[in-house]
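K.L.:
Just to be clear, the model below is a prediction. Sequence and coordinates:
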Amino acid sequence: MATATLPRRINSRKRGVRYKFRQMGREWNAYLFLAPGLILFSVFTVFALIYAFYLTFHEWNILQPAKPFVGLQNYRDMIHDQQFKQSVINTAYFTGGSIPLTMAIGLGVALLLNQPLRFRGLFRTMYFLPVVTPFVASAILWKWLYNGDYGLFNFYLLKVHLIQQPLLFLSSKNLAMPSVILMAIWGGVGFSMVVYLAGLQSIPEELYEAAKIDGANAFSRLRYITIPMLAPTTLFLLVIGIIGSFQIFTQIFVMTGGGPVGRTTTVVYYIYQSAFTYYEMGYASTLAYGLFVLLFAVTLLQLQLYRRADA
Amino acid sequence: MTTTHDASEVEVPAVPPITPQPRRLSKPKRRRRLPTWGRVACYVILVPGALLFVAPFAWLVSASFQQMGDIFSYPPHWIPPNPTLDGYKGFLGIGHPTGLNADATGDWHWFANSAFVATTVTVLQLFFNSLSAYVFAKRKFPGRDAIFMVFLATMMIPGQVTLVPNYLVLKHIPLFNGNDIFGNGGHGWLDSYWGLIMPGTVSAFGIFLLRQYMLSIPDDLLDAARIDGASEFRIFWSVVLPLCTPALAATAIFTFQGAWEDFLWPLIIINDPGHYTAPLGLALFVVKHNTSWNLLFAGSVISTLPMVVVFMIFQRRFVQGIALTGVKG
Amino acid sequence: MKSPKLRRALLAIGPVLGLLAVASCGGGSSSTNTDAGKGSGTVAAPKKPVTITFQSWVNNDQMKKFAADFHKKNPTITIKLENVNADSAGTKLTTQIAAGEAPDTAYLDLGDVADFASRQALVNLDNYIGRSTVVKPADFIPAFKTPVTYNNSIWGLPFDGETTGLFYRTDLFKAAGIKSPPKTWSEFYNDAKKLTIPSKKQYGFALFANEAYYYWYPWLYQAGGDLLSKDGKSIAFDSPAAQKAAEFYVSLVKFAPPDYLNSDSYTGGAAFANGQSAMYMAGSWFASYMDSSFPKIKGKWATAPLPSGTAGCKTTTAGDALVITSNTKNADAAWKWIEYLDSPKNVGLWTYGSKDGSELPPLQSLLGDAVKTKPVLKGFVDLMKCGVSGTVSNPKFPKIQEALNTELGKAFYGDETAKQALANAAQQGQQILAH
């Protein structure tokens, strides 16, 4: 049942305009239901987006009311902007490092916590704790954990002689991004776990029973029942996860400030800098739309791949 | 499925729990037992992992009871060497904390403001989100898919660029705080609870989650109610919403947390200390070149605890709530 | 998403476009900011009661006392203090200015004054200063007067300041057998080398890639270099003198505590307190930070002027100014307030006169009193005459500075030589200037 009721695509058949109007008349109360949400959404989100789009064709330093029209200049600048390219690469690195691991660990924990174990609720809460820990607090905390001299990580790593020299987590060019990724995984596993638990619970037990009768072992049950049945859940986590991780900002802002030497400057961090450090709001808006196009393409691609695999 | 013949019967959810999840049925079978070695293996993996996940938070709690000088000492203390409530007293602005800057004390009103704002946002968002989610999931009308697409697409634009436009919108809300009918002349919803609450009352993510859940409610159920002459709103309110309680609970947690944690928006629009929210108050302790860490940590603990407790109690419902039904739109 | 769908989507949100028109005509502030304060004689307080808002991240008890005292003296003017945290102050103020919602008066970083003035966000104070008997620009110390000056007018009143000086651990110097703090570049280099003992986790001098540009400026000026050419139209920080300064600066990396390289001078204070960095370059604010956060090392550190280079003693200055935004409707009352704050007596109370305060008064006439009250400030006061204001009143400069910072950071990490770093930064800077 879980996947049985998919929305029926109603616009698949082309119909006449008159029919459409009649349908609109018939379904008037659907619009009424939508109205409050749509109005609020238009005022507070869509308007801002249109305004930002308008700004992409202008130069605006925020402090002055004047916004001279510059045509496509911002877009041309963006295409040639090395810093933007670097920030896209950094963001992709972050996403590629954090999302798969977060999902894999989340799935593993969910599989374990779906077993009839004692203290299940307590364990779930413990793994979920990072999700509800305030963003700013966890960033300060991790910064301290990573500290090379009196941070907890180095303290214990040195104690068990895994390392001889303290690691410079946030100060080293090659370790800074992995360190941010590790923190993101810590903060994200709880959510993946909960969503996977939900997905696991909607797999009919009968499938497993039948497989057992056929002599399938635990591993092949996982391989041929659980993972395929979780495909929609995985897709959901992937889409939401990528949208979220492409917009990573606060952690970067608090932890590394984009450094060292720009190695952790992500797209949104660069957008923020453009808008509020360089006062180039028009250009910042252009970058935001650049990010949007990128994200939109990635999302469509995922959906497309999923559909093909599903068909 | 019971066919109801009287509209009033619809009001009381007379329908037996036709929950979208079949797991209720299969639950008894789950009471299988794991072999002992399997159970041990599970614990061997789970316990260290759980400790790693909790450790930072545990340290946060411990640090919130420590004195400034002890917090960043080396080697680190897990048990406060000189336990103190200064951080908490200071954060809530009660009593006379010692060892703190006289300037850097909090106010319990911030906490109350946060609670009020986050609760209102959550209630309103649940209502508006579910109204929209319902029509996206269960009604067929021209423009539906296009509007839904726009909703989803907006999740992909970072808030940093919508900050200034949104501020302008707030300033120009007509007829509020000195504004005329065209929204000029005054300050609109700036520096007010309205400004804190209204922009957060609808969320694309929330609509998306609820819609996915509602898709799994059988259409027959709604059709039956329609045949019985129930109005559209009644169907929504009395049939659909009760079935969605788990999903509503799940989105409620995320919404509440988001509203509770929000920092940049309140900072930008609020000037009056009477309207401060907890994170805003917290941030103001991070005075230039002088941070009252224990106070900051105490505030963080206070603002996290409610969510931890709520999750612990409702985690099972919560998991059910996110039992999604595929993302295929 | 095919285009018909998009078009339909746009239709659905069409009505919003109307709002766009409304909002885009908001936020304009009139260009009367040079006319404010015309007239003669002392500025009078308004007859009708008005409220003046003052935004800052330092609205502490002293500021509250000022506000109350001012209200007592000017019953028609009420001061409303608005807090904002230092990290986000810029974001908030720019958003407010964009919407025409800026506070009447604000506490602004000295480095931002010329930038804001050039974008017509502030009120020109010349007329008011001309009529004032309290504020005397002749008394402003030059290094603090330059940043508030733009187009030969004054746009802000310097309120507090600091110079960048040298902090050093007396205990570690003693242990290394160094008698006095370094006075020249070569002494500095040799001392840093002697103080670096990695096995003891002890290093000579802390450097921060995040603030690489800022703490390079003193060396640049000491070597006789400058940031921009005199006319402000071309980059000057790639001159031979600048190259010499950068090479020296970058060569110090091997004596810097490595874990703080991607940190900043505030966070890095811990390195100084823990004895990991024997020398530290910072503003006088660092003295009160050490006193309040790390009282355990009291008596184990001292301050000194920075070493001198070929161009003599030079250092950077920083500070904060009081400004009136062009958004105000009560420029006269706003002026009364900042004039009150900037009186010598109140500047004294605000800077060296406060309990933990270690900031310097930007007024010549107060320097003697400052040293008498807080002897620890002596080194910094002496540096005042060597102060070069490190800010250039060019709106494009923040971006150039960022490029410079990134390139110097790369040199710290060994990605390129100091010379290459300057060349790359200069090339980007030229592009930004020409853009």
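P.N.:
All right, it came through fine.
K.L.:
Excluding chain neighbours, give the residue nearest to residue C:261 in space.
P.N.:
Spatial nearest neighbour of residue C:261, excluding adjacent residues (CB to CB, 6 or more residues apart in numbering or on different chains): residue A:171 at 4.6 Å. For every residue, glycine as well, the C-beta is placed using N, CA and C.
K.L.:
got the contact list for residue A:27?
P.N.:
B:139, B:140, B:141, B:142 (CB atoms under 8 Å, 6 or more residues apart in numbering or on different chains).
K.L.:
near chain A, which of the residues you listed show up?
P.N.:
B:139, B:140, B:141, B:142 (CB under 8 Å from any CB of the partner chain).
K.L.:
And for the second one, the neighbour number?
P.N.:
When neighbours are counted by other CB atoms under 10 Å in any protein chain shown, residue B:140 registers 15.
K.L.:
on that earlier part again, adding distance to residue A:30 as columns, could you present the contacts of residue A:27 in JSON lines?
P.N.:
Formatted as JSON lines, those follow (distance: CB to CB, whole Å):
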{"residue": "B:139", "distance to residue A:30": "4"}
{"residue": "B:140", "distance to residue A:30": "8"}
{"residue": "B:141", "distance to residue A:30": "5"}
{"residue": "B:142", "distance to residue A:30": "10"}
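K.L.:
Go through those residues and say which is closest to residue B:58.
P.N.:
residue B:139 (48.5 Å; CB to CB).
K.L.:
Might you report the residue contacts of that closest one?
P.N.:
So residue B:139 contacts A:27, A:30, A:33 (CB under 8 Å, 6+ apart).
K.L.:
quick check, nearest of the ones next to chain A among the contacts of residue A:27 to residue B:253?
P.N.:
For the ones next to chain A among the contacts of residue A:27, the minimum distance to residue B:253 (CB to CB) is 27.4 Å, reached by residue B:139.
K.L.:
and the closest one, how far is that from residue A:36?
P.N.:
15 Å (CB to CB, to the nearest Å).
K.L.:
now swap in residue A:205 and tell me
P.N.:
From residue A:205 to residue A:36 the distance is 41 Å (CB to CB).
K.L.:
Same question for residue A:239.
P.N.:
27 Å.
K.L.:
where does chain A dip in pLDDT?
P.N.:
A:1-16, A:136-137, A:149-150, A:310-311 (pLDDT under 70).
K.L.:
Packing partners of the longest helix along it?
P.N.:
The helix that spans the most residues within chain A, counting by DSSP state H, is helix A:82-113. Under the contact definition 3 or more CB pairs under 8 Å, 6 or more residues apart in numbering or on different chains; DSSP states H and E, helix A:82-113 sits against helix A:120-132, helix A:176-201, helix A:231-245, helix A:267-276, helix A:281-310, helix B:36-64.
K.L.:
which helices and strands sit right next to whatever helix or strand residue B:115 lives in?
P.N.:
Residue B:115 belongs to helix B:108-138 when assigned by DSSP states H and E. The contact analysis (3+ CB pairs under 8 Å, 6+ apart) places helix B:108-138 against helix A:28-41, helix B:144-153, helix B:193-197, helix B:204-215, helix B:245-261, helix B:278-285, helix B:293-321.
K.L.:
Tell me the buried residues in the longest helix of chain A?
P.N.:
Buried residues in helix A:82-113, counted by 16 or more other CB atoms under 10 Å in any protein chain shown: A:83-84, A:86-88, A:90-95, A:97-99, A:101-103, A:105-113.
K.L.:
tell me the angle it makes with helix A:120-132.
P.N.:
Angle of helix A:82-113 versus helix A:120-132, following axes from the mean of the first three to the mean of the last three CA atoms, to 10 degrees, is 170 degrees.
K.L.:
show me what contacts residue A:41?
P.N.:
Per CB under 8 Å, 6+ apart, neighbours of residue A:41: B:151, B:154, B:202, B:204.
K.L.:
and it, how far is that from residue B:148?
P.N.:
Remark: distance between residue A:41 and residue B:148 (CB to CB) = 11 Å.
K.L.:
now the stretch 301-435 of chain C, which segments are flagged as low pLDDT?
P.N.:
Residue ranges of the stretch 301-435 of chain C with pLDDT under 70: C:356, C:390-393, C:395.
K.L.:
Show the pLDDT at the residue lying closest to residue B:204 once chain neighbours are set aside.
P.N.:
Spatial nearest neighbour of residue B:204, excluding adjacent residues (CB to CB, 6+ apart): residue B:151 at 4.5 Å. On pLDDT, residue B:151 comes in at 86.
K.L.:
show me the contacts for residue B:151.
P.N.:
Listed by CB under 8 Å, 6+ apart, the contact set of residue B:151 reads A:41, B:132, B:204, B:207, B:208.
K.L.:
so residue 63, which of the three states?
P.N.:
I went with chain A, as the question did not name one. State at residue A:63, reduced to three classes by DSSP: H, G, I helix; E, B strand; the rest coil: coil.
K.L.:
wait, I meant chain C there
P.N.:
Per three-state DSSP, residue C:63 ends up helix.
K.L.:
ok, it touching residue C:80?
P.N.:
No: applying CB atoms under 8 Å as the test, residue C:63 and residue C:80 come out as separate, 11.8 Å apart.
K.L.:
Which residue of those two possesses the greater neighbour count?
P.N.:
Using other CB under 10 Å as the criterion, residue C:63 and residue C:80 rank with residue C:63 on top: 19 against 15.
K.L.:
State the distance from the closest residue to the more buried one other than its chain neighbours to residue B:159.
P.N.:
Leaving aside its sequence neighbours, residue C:63 sits nearest to residue C:81 (CB to CB, 6+ apart; 6.3 Å). Residue C:81 sits 28 Å away from residue B:159, going by CB to CB.
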